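Novice: the following comprises the amino acid sequence and a computationally predicted model.
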Amino acid sequence: MKLLHITICMLGLLCLNALALPRRMTGQWYYIADGFETAHIYKVAPDWLKGAGNTISLAFMNPEDLLNKPDPVPEVFKSVTSNMKALNKTIFFSFGGYGYAEKWSWLRDSGSSRRAGVNAAQIAKKYGVGMEIDYEGSYNPLNGVVSFIEGFRSICPMGECVLSMDFYGSPGGQEWQRDVVSRVVPSGNPGQRVGDGNFLDLVNVMVIDAVDVKTAQMFWGQWRDTKKLNLARATFGLLSGSYEGNTISICKGDQSARNNIDSAVGFLEPLNVYGYMSWAICPPAAGQLKSCADWEVPCNDNAPGFNYLCKKINAC
């Protein structure tokens, strides 16, 4: 199911881009900044992305910039967003990640967190994108995340703007993540407004590099067993690169990759999960011609692994 970008105009005075989520989500995090803004050179989306699911999360914005800069969006995000939308993708701007693990000072203060949420909502409306929190810091951010969501929703209600957050897929998330989930992930499905609307729309449960399918299933099972996460509002991460062994690597789409996808989907689909995101794709580095998956392996031009997954869960 393709993304719908809807322009809403009221009395001819106010227009904004509302983001409608796909029925099922599948796609990848695309490293174009990732905390090291000069690391990647990127101008045009590679053709294979057309067949690589319906969602792209651009990574990463600096969280501190949400309060410290009048225009916090990286220039590379701006230059590729229209190109990505032309591929009929749901676009997220992700802020945080490992490179910005300690750039969250505003999370310690409820007023600052709320202002950061307001600013993030204005970005979401301006560019017609979802916003994604990728907090990888060292302390429990629960109170700050709640205030951020309240600020965001004061400008961008559920059903109009989309807000997500990433969690570790191993081992079943940290305790603070389970605390956050209990507070900010509602019942229902993505796209539905719930209660006072001060909630995330969905969460992404990430998988760590080079984990094998059985280990990933154990970690996923721990999330299931907590009974704290509404799995209908959760996507689960698969690897994109081609690591040795029985890892969930989907970029090439060979028989091993298809077997791993079958195993992952066979475990997760009975849980009624919302979809699958792949970690991660990076643009060509200087002097390189092809994009790579999880830093290592060039993707086939037809993105067969992504295509296989997308069709398997009926998301194309």
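Specialist: Looks like it arrived, so ask away.
Novice: from now on I want contacts and neighbour counts done on CA atoms only, so please keep to that.
Specialist: Will do.
Novice: mind exporting stretch 130-148 as PDB, just the C-alpha atoms?
Specialist: Extracted in PDB, the C-alpha atoms of stretch 130-148 (Å, rounded to 0.1, in the frame of the first residue of the first chain):
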ATOM      1  CA  GLY A 130       7.300  11.500  10.300                       C
ATOM      2  CA  MET A 131       9.700  12.200  13.200                       C
ATOM      3  CA  GLU A 132      11.700   9.400  14.900                       C
ATOM      4  CA  ILE A 133      13.400   9.500  18.300                       C
ATOM      5  CA  ASP A 134      16.500   7.300  18.400                       C
ATOM      6  CA  TYR A 135      17.700   7.800  22.000                       C
ATOM      7  CA  GLU A 136      20.900   5.900  22.700                       C
ATOM      8  CA  GLY A 137      21.900   7.800  25.800                       C
ATOM      9  CA  SER A 138      22.900   6.500  29.300                       C
ATOM     10  CA  TYR A 139      20.000   7.500  31.500                       C
ATOM     11  CA  ASN A 140      16.300   6.900  31.800                       C
ATOM     12  CA  PRO A 141      14.600   9.500  29.500                       C
ATOM     13  CA  LEU A 142      11.000   8.700  30.500                       C
ATOM     14  CA  ASN A 143       9.900  12.100  31.900                       C
ATOM     15  CA  GLY A 144      11.700  14.000  29.100                       C
ATOM     16  CA  VAL A 145      10.100  11.800  26.400                       C
ATOM     17  CA  VAL A 146       6.700  12.300  27.800                       C
ATOM     18  CA  SER A 147       7.100  16.100  27.800                       C
ATOM     19  CA  PHE A 148       8.500  15.900  24.300                       C
END
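Novice: for it, give the mean pLDDT please.
Specialist: Averaging pLDDT along stretch 130-148 gives 94.
Novice: could I get the buried residue list for that stretch?
Specialist: Residues of stretch 130-148 classed as buried: 130-136, 140-142, 144-148 (neighbour count, 16 or more other Cα atoms under 10 Å).
Novice: what sits opposite the residue nearest to the spatial centre of the chain in the beta ladder?
Specialist: Nearest to the mean C-alpha position of the chain, by Cα atoms, centre = their mean, lies Ser57 at 5.0 Å. Following DSSP bridges, Ser57 is listed with bridge partners Trp29, Phe92.
Novice: contacting residues around it?
Specialist: Ser57 makes contacts with 28-30, 91-94, as judged by Cα atoms under 8 Å, 6 or more residues apart in numbering.
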